[in-house]
Each structure stands twice: as structure tokens, then as C-alpha cells.
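*Asks:* one predicted model, sequence on top.
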Amino acid sequence: MSIILQSVKFNYAKSSTKQIIDIDLWSVADAEKVFIHGPSGCGKSTLLNLLSGLLKPKSGNIKLLNQSINHMSSRQKDKFRANNIGYVFQQFNLIPFLNAIENIYLASHFATKITKQLLIKQTHELLNTLDIKEIDWFTPVRYLSVGQQQRIAIARALINKPKILIADEPTSALDSANSDRFMSLLIALCAQHKMTLIFVSHDMSLSQYFDRVQALPTINEMV
């Protein structure tokens, strides 16, 4: 299994008795593609932050790739995340004054070191695969289209060859045609690299691309 959550509870207010996340048992198989949906405020982004180690559960255990991440130190989490988890953010989180290549290189900072030559080679391969023209590789990303920025964000998420890819509402800024193109590309890349995909969206039309569709906060009902 790529992901196993056991007795995981989380809330933001220390005095609150209401759990934002309350999962008895939930697991995701290797290379499985899971679509998670639910109303605003139900805990979708919180779940992703727990999975990526950015938040620590109040209780329970989160195991990714057979390692309990909530028992790791901050430095261990940074290294584990860099080497094993790719993250496509809703707003992309690119550095606007850096170009595509510079944004992608940043993602390799905490990862197991590879040679500069190999990093350059893999970056160029990803940009070509994602149909970013070479003339745009060296342009500050703030001057590129939303679609181009989105594909650069995907390249950044994939540069360290993650085993788990997390996507948080990545199509929210796209029209339906571009959204479909994005999904086809994303699913193909996941299949090619045998990645587990956890995808959060309110757009139920996208659920057709996934092996499993689940709703928060009732995720326990569909383990």
C-alpha cells in the first residue's frame, strides 16, 4: 500500500471537540488514482496537508510507503517529501520572477542529490513532454499563460520522480476544454511513472478519470 491512515483525528482549535478529520481506516494501493470531493470546509485540503506531512494529526498514524511520517522530525519530513511526494497546488505556487527551469530546480533542493547534468536532462525532458516551447523556458513565469504555468507546476512536481502525487484543485482556473486536456495529460503521466494519485476537486465531471471516488467527511464508508 502507498498510503495507510489508522485512527487519524485532527482539529485546528485545541479546545474544540469537533474533528475536521476523523478517519478510522483508509488505504490507497500503489499506483491507484483516487478522486476526493466534498463541500468547502469539509477538510479536503487538511487531509492533503496531513498526507504531505505539513500537518501532524492529533492522534493516529499516517503511513506512506511503509514509513510513519507523523513520527519523523521536520528535517526527515522535508527529505521524505522531496524524494517521494509531488504536489500540484491550486494556485501553482511558482516563484513569479523565476523562469520555468529555475522554478523546477528549486524542487530538487531537499531531494537526494543528483548531478547537475542529469537534473538539466530530466528538466528538459519534462518540459518537452509537457509541450512547453523552449523559447518559454527562460521567461519569468509571470509572463506565461495560466495553462503554461500549470504545466510547469506539474513538471516541478514530477522532477524528483515521486511515488505519490497530490493535486489540490489544480483545474480550478481552467475552462472545460483545457481542464480535459490537463486531466488526460496528468493521468497519462501517472500511468507512465506508476504513481499513486490523490486528487481533490469539487468538479465531479473529473471523477471519470479515477479508479476510486470518495467523499469527505464520509471517507471511512468507502475504504
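*Replies:* Here it is on my side, so go on.
*Asks:* how about P96, nearest residue that isn't a chain neighbour?
*Replies:* Distances taken as C-beta to C-beta, 6 or more residues apart in numbering place R142 nearest to P96, at 3.8 Å, with adjacent residues excluded. Backbone N, C-alpha and C define where each C-beta goes, glycine included.
*Asks:* pull the number of nearby residues for the one you found.
*Replies:* The local packing of R142 (other C-beta atoms under 10 Å) involves 12 other residues.
*Asks:* hang on, it in a helix?
*Replies:* Yes: residue state for R142 (DSSP: H, G, I helix; E, B strand; the rest coil) corresponds to a helix.
*Asks:* surely it and N99 touch.
*Replies:* No: taking C-beta atoms under 8 Å as the definition, R142 is not a contact partner of N99, at 10.0 Å.
*Asks:* would you mark the buried spots in the worst-scoring helix or strand of the chain on mean pLDDT?
*Replies:* For the chain, counting by mean pLDDT, DSSP states H and E, helix 176-193 ranks last in confidence among helices and strands (a mean of 88). By 16 or more other C-beta atoms under 10 Å, the buried positions in helix 176-193 come out as S179, D180, F182, M183, L185, L186, L189, C190.
*Asks:* now do whichever helix or strand comes after that helix: which elements does it pack against?
*Replies:* Under the assignment DSSP states H and E, the closest C-terminal helix or strand after helix 176-193 is strand 196-200. Contacts defined by 3 or more C-beta pairs under 8 Å, 6 or more residues apart in numbering; DSSP states H and E place strand 196-200 against strand 33-37, helix 44-51, strand 164-168, helix 176-193.
*Asks:* who does the host helix or strand of Y87 pair up with?
*Replies:* Following DSSP H and E, one finds Y87 within strand 85-88. Strand 85-88 has its sheet partners listed here by DSSP bridges as strand 164-168 (parallel).
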